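Student: This is a predicted model, with the sequence first.
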Amino acid sequence: MTVSAQKTLSTPDELSEALEIFKSMGFTRIQLPGGTSKDKSFCSSAIIPVWNDEKKIFYFVCMPYNPLFHMAGDENGYTKKLGETPEQTVLREIQEETGLFVAESDLVYLPKSKIVVPDRYDKEKVHQKHYFLVKNFSGTLFNFDGPSRIDAETAAPVLIAAHLLKDCLFNGHKGAVREVAEILGAEKKEAQWLFADLGF
């Protein structure tokens with residue numbers, strides 16, 4: 001099995017096998033699509049749910065991630081992040097990491113999931129974590145082997161079944177997915193049991 005072939009992870013065994021492949025390549029964790037501002041004052045992440053009508057299950061777009069790249073890198077001198085708002089950051093990161101295109105009007109801010117923590121580099125400052133639900137998108141998920149050519153920080157995106165997220169996301173991202181489950185459960189009949197499926 002190649003990484004690019006393992007697009008949809010529906011069972012614990014599929015998730016476990018994919019995680020081992022990712023780890024062998026240096027991608028030691030799974031996270032939501034997103035990224036930080038140039039000054040590191042905030043990060044913006046996207047929750048992109050995808051309903052599979054055949055399997056009657058929600059999947060979420062997730063990214064294999066190499067945290068060592070972020071901690072050691074200089075972003076290759078990029079200036080594209082300068083002056084971005086949280087919304088602009090998450091829209092750019094979605095396109096760069098996943099290949100999907102999202103209009104700002106299709107973003108829903110998740111206020112209950114916002115997190116403010118001390119900045120890891122300057123304790124006099126704070127770092128804000130923003131989360132957005134993506135209601136609609138266009139395009140096709142990237143499909144390639146190995147690290148992204150943009151910055152090597154991520155591999156190709158994968159779709160992970162809702163009931164498996166408890167085994168791979170960290171707490172901040174889980175909180176945002178819970179908020180999304182509440183929103184979708186009130187809006188969509190097929191999302192009625194999504195909150196229970198998450199198991200966290």
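Tutor: In hand now; what should we look at?

Student: what about Leu184, which helix or strand?
Tutor: helix 171-187 (DSSP states H and E).

Student: which helices and strands does that helix pack with?
Tutor: On a contact count with 3 or more CB pairs under 8 Å, 6 or more residues apart in numbering; DSSP states H and E, helix 171-187 meets strand 42-47, strand 126-134, helix 194-198. In short, each C-beta sits where N, CA and C put it, glycine included.

Student: Same list, those, but as JSON lines with distance to Leu165 and mean pLDDT please.
Tutor: Compiled in JSON lines, these are given as follows (distance: least, CB to CB, whole Å; pLDDT from 0 to 100):
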{"stretch": "strand 42-47", "distance to Leu165": "10", "mean pLDDT": "96"}
{"stretch": "strand 126-134", "distance to Leu165": "14", "mean pLDDT": "94"}
{"stretch": "helix 194-198", "distance to Leu165": "6", "mean pLDDT": "89"}
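
Student: looking at those, which is buried most?
Tutor: Burial of the helices and strands packed on helix 171-187 is given as mean neighbour count (mean count of other CB atoms under 10 Å); strand 42-47 ranks first at a mean of 24.

Student: which is the next helix or strand following that one?
Tutor: Criterion used, DSSP H and E; the element after strand 42-47 is strand 49-52.

Student: Quick check: closest non-adjacent residue to the spatially most central residue of the chain.
Tutor: Nearest to the geometric centre of the chain sits Leu32, at 1.3 Å (CA atoms, centre = their mean). Excluding the flanking residues, the one nearest Leu32 by CB to CB, 6 or more residues apart in numbering is Ser45, at 4.4 Å.

Student: What separation do you get for the one you found and Val90?
Tutor: The gap separating Ser45 from Val90 is 7 Å, by CB to CB, to the nearest Å.

Student: Now do the shared contacts for these two.
Tutor: Common neighbours of Ser45 and Val90, using CB atoms under 8 Å, 6 or more residues apart in numbering, are Pro33, Gly34, His130, Phe132.
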